[in-house]
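Colleague: The sequence and its predicted three-dimensional model are supplied below.
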Amino acid sequence: MIRSERLARVAVGLALLLAAAGCGGANYTYFRPAGDYQAAGSDWIAQRAYRLPPDAGTVTVEIAARGRTAANEKGVTYESLNVRFRIENRGEAAFTLKPAAVRLLDDEGRRMTGAEAYAGRDRTEAITVAGGADATYELVFDLPGGTELKNLGSVRLEWPYQVGDTPDTVTTKFLRIEDVYYYTPGYYYPYHPYYYHDPWYHDYWYGPRPRHRFGGGFYGRW
């Protein structure tokens, strides 16, 4: 595992700590993109960046996902899977994405469509980012009956887009983050590298390191 991958995963772990300490009003289930990804801050944890279209790379799209469990004004609990798109268009042609065409597939191949798209608090029917502009949108998929976040080990998002007159489709797989890892002062030894207790670090002598659960601070482990 290369150093940059370890740094990304350490950053994701720290973001999870901040999210757990600061969330309120709703409970979140965090996902990370499969393959290469970067930290996305305490609200979204992990994201993947794409340079689109592949032959030009004039548009950068950063995509992250998380599940949300909350109660409405009547006290009824509902769950959704929310996907954030950060779009930076440095080309001349507009970038467009139709939320109605975006599909979410769960582990059993069930498809979810009909996502609602928001720019901040404002709902929008279409996503269009002109050349030279930046924008952030959030797509919200309400989970259908019988589908629960705790049972979603992974999901795949199929999102067709268009840059100018060129259409294409990207599929992003997200994995649910099961465990929250953290460091304690006792783990740091003069003869161990800083990443020795990286949660994804594989010790080639002892095998994978034990899995630790998130605690209330930087002083212990579960």
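Modeller: Happy to help now that I have it.
Colleague: Report the residue spans of the chain with pLDDT below the cut-off.
Modeller: Low-confidence segments of the chain (pLDDT under 70): 1-25, 179-222.
Colleague: Can you show me the helices along it?
Modeller: All helices of the chain, identified by DSSP state H, fall at 3-22.
Colleague: Show the contacting residues for residue 141.
Modeller: Counting by C-beta atoms under 8 Å, 6 or more residues apart in numbering, residue 141 makes contact with 80, 81, 82, 83, 104, 112, 114, 115. Heads up, the C-betas are built off the backbone N, CA and C, glycines and all.
Colleague: Out of those, which comes closest to residue 55?
Modeller: Distance to residue 55, by C-beta to C-beta, is smallest for residue 83 among these, at 25.1 Å.
Colleague: Report the beta-bridge partners for the nearest residue to residue 149 once chain neighbours are set aside.
Modeller: In this structure, residue 149 finds its nearest non-sequential neighbour in residue 67, 3.9 Å apart by C-beta to C-beta, 6 or more residues apart in numbering. Following DSSP bridges, residue 67 is listed with bridge partners residue 29, residue 81.
Colleague: Residue 67 - how many residues pack around it?
Modeller: By the criterion of other C-beta atoms under 10 Å, residue 67 has 23 neighbours.
Colleague: same question, residue 163
Modeller: Neighbours of residue 163 under the rule other C-beta under 10 Å: 21.
Colleague: where's it relative to residue 38, distance?
Modeller: 22 Å (C-beta to C-beta, to the nearest Å).
Colleague: for the residue nearest to residue 149, what are its contacts?
Modeller: 28, 29, 30, 31, 79, 80, 81, 82, 149, 152, 176.
Colleague: just to revisit the earlier point, if we only consider the contacts of residue 141, which is nearest to residue 62?
Modeller: Nearest member of those to residue 62, counting by C-beta to C-beta, is residue 83, at 11.2 Å.
Colleague: The closest one and residue 127 touch, don't they?
Modeller: No. Counting by C-beta atoms under 8 Å, residue 83 sits too far from residue 127 to count as a contact (11.6 Å).
Colleague: And these two? Which one has more around it.
Modeller: The residue with more neighbours, out of residue 83 and residue 127, is residue 83; 25 against 20, by other C-beta under 10 Å.
Colleague: Just the C-alpha atoms of stretch 80-88, please, in CSV.
Modeller: Backbone C-alpha positions of stretch 80-88 (Å, rounded to 0.1, in the frame of the first residue of the first chain) are rendered in CSV as follows:
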residue,chain,number,x,y,z
SER,A,80,-32.4,8.0,2.6
LEU,A,81,-29.1,7.6,0.8
ASN,A,82,-27.7,11.0,-0.2
VAL,A,83,-25.0,11.6,-2.9
ARG,A,84,-23.1,14.8,-3.2
PHE,A,85,-21.7,16.0,-6.5
ARG,A,86,-19.1,18.8,-6.5
ILE,A,87,-18.6,20.0,-10.0
GLU,A,88,-15.8,22.2,-11.3
